[in-house]
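1. My questions are about this predicted structure, shown below with the sequence.
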Amino acid sequence: MSDVFGLLGTTITSFDIILTLRQRYMEAKEVPGAFPEVLQRMEIARRTLQKVQDKASNGIPSDDDGVTLQLVQACKEKTDKLEVIFDKAAPVEGASPIKKYRRILEHMKNSEKVEDLAKSIFRDLQILTQRWSMDAVTQSELKEALEKLEQVEPSIRDSASTVYGSGVILHNYSTVRPVPDIPSPLASTVDII
C-alpha cells in the first residue's frame, strides 16, 4: 500500500511540474501542434490521480492483485517522459520548440510523441478509475479528454526522405529498410549483338 501511495505522490508531483511549464508554452508563438491540447488535459490527469490517492489513503481493495501499482507505475513512466520533453523543448528566446522537440525525439529510445504518451496515460487512468469505482464525473472527464486527444493535430509530422539507387531508404528517426532492386531502363532497351 505504501508503494502505491508514494508512487501516486511522485506521479502527481510530475504532473505539477508539467503544469508549471504549461504557461511558457501558452505564451510562445511557435509550439508543436499537440502541445497546447496535451498540456490543457494534464490538469484532468493530475486531479484524477489525486482522487485515487485520496481513496488509497483508506486502503487498497483486497482484490487489487497489484494492478493499481502496475497502472500507476505505467503512468509515472509516461509522465516522466512528458516532463523531460516539455522541460527540454520549453520555449526560450531564439530557440524553436519545434526544432528542440524534433531533436529530443531523435535521441529518445522509443521516440514517443507527447500526444501518444498522453493518450496512453488517459487509457491507464480510465482503467484505474473503473477499478476504484470512481465517480461518473471523473470517468466522463477522462473519456472526453481522451476523445479530444484522439483528434488532436500531431505534435510533429512524420517526414520521410528517400535515397534512390543502391543503399537504404531512410525514414523518420533512422528506420532503415533495404531498397528493392530496380531494373535500369537502359537494360531493357539494349540488344545484345
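-> Nice, thanks for sending it over.
2. Tell me the buried residues in stretch 24-41?
-> Neighbour-count burial for stretch 24-41, counted by 16 or more other CB atoms under 10 Å, picks out Arg24, Tyr25, Val31, Pro32, Gly33, Ala34, Phe35, Pro36, Glu37, Val38, Leu39, Arg41. Yep, even glycine has a C-beta here, placed from its N, CA and C like the rest.
3. Inside helices: which ones of those?
-> Counting by DSSP state H, the part of those found in helices is Arg24, Tyr25, Phe35, Pro36, Glu37, Val38, Leu39, Arg41.
4. where exactly do the strands run in this structure?
-> For the chain, the strands defined by DSSP state E occupy 168-171, 175-178.
5. and the residue positioned nearest the centre of the chain, what is it in contact with?
-> Residue closest to the average C-alpha location in the chain (CA atoms, centre = their mean): Leu117, at 2.0 Å. Leu117 makes contacts with Lys78, Lys81, Leu82, Ile85, as judged by CB atoms under 8 Å, 6 or more residues apart in numbering.
6. quick check, nearest of these to Gly94?
-> Closest approach to Gly94 among the contacts of Leu117 (CB to CB): Ile85, at 19.9 Å.
7. returning to what we had before: going by mean pLDDT, which of the strands of the chain comes out lowest?
-> Of all these, the minimum mean pLDDT falls on strand 175-178 (a mean of 31).
8. Torsion angles phi and psi at Ile60?
-> With angles defined as degrees, to the nearest 10, Ile60 sits at phi -90, psi 140.
9. Would you quantify the distance from it to Gln70?
-> 12 Å (CB to CB, to the nearest Å).
10. okay, these two: which has more neighbours?
-> Neighbour count, other CB atoms under 10 Å: between Ile60 and Gln70, Ile60 has more, with 18 against 15.
11. Surely that one and Leu7 touch.
-> No: between Ile60 and Leu7 there is no contact under CB atoms under 8 Å: 12.0 Å.
12. how about the helices of this structure, start to end?
-> Along the chain, counting by DSSP H, helices occupy 2-27, 35-56, 67-88, 97-107, 114-131, 136-150.
13. what's the closest of those to Arg157?
-> Minimum separation from Arg157 across the helices of the chain (CB to CB) falls at helix 97-107, 10.0 Å.
14. Pull out the buried residues from that closest one.
-> Using 16+ other CB under 10 Å as the test for burial, helix 97-107 gives Pro97, Ile98, Lys100, Tyr101, Arg102, Ile104, Leu105.
15. For it, give the mean pLDDT please.
-> 86.
16. Would you pull up how far that helix lies from the middle of the chain?
-> 14 Å (CA atoms, centre = their mean, to the nearest Å).
17. Likewise for stretch 141-149?
-> Put simply, stretch 141-149 sits 15 Å off its chain's centre (CA atoms, centre = their mean).
18. what's the answer for stretch 4-14, then?
-> Centroid separation for stretch 4-14 versus its chain: 19 Å, with CA atoms, centre = their mean.
19. Give me the contacts around that stretch.
-> With CB under 8 Å, 6+ apart as the test, stretch 4-14 has contacts from 46, 49-50, 52-53, 56-57, 60, 68-69, 72-73, 75-76, 79-80, 82-83.
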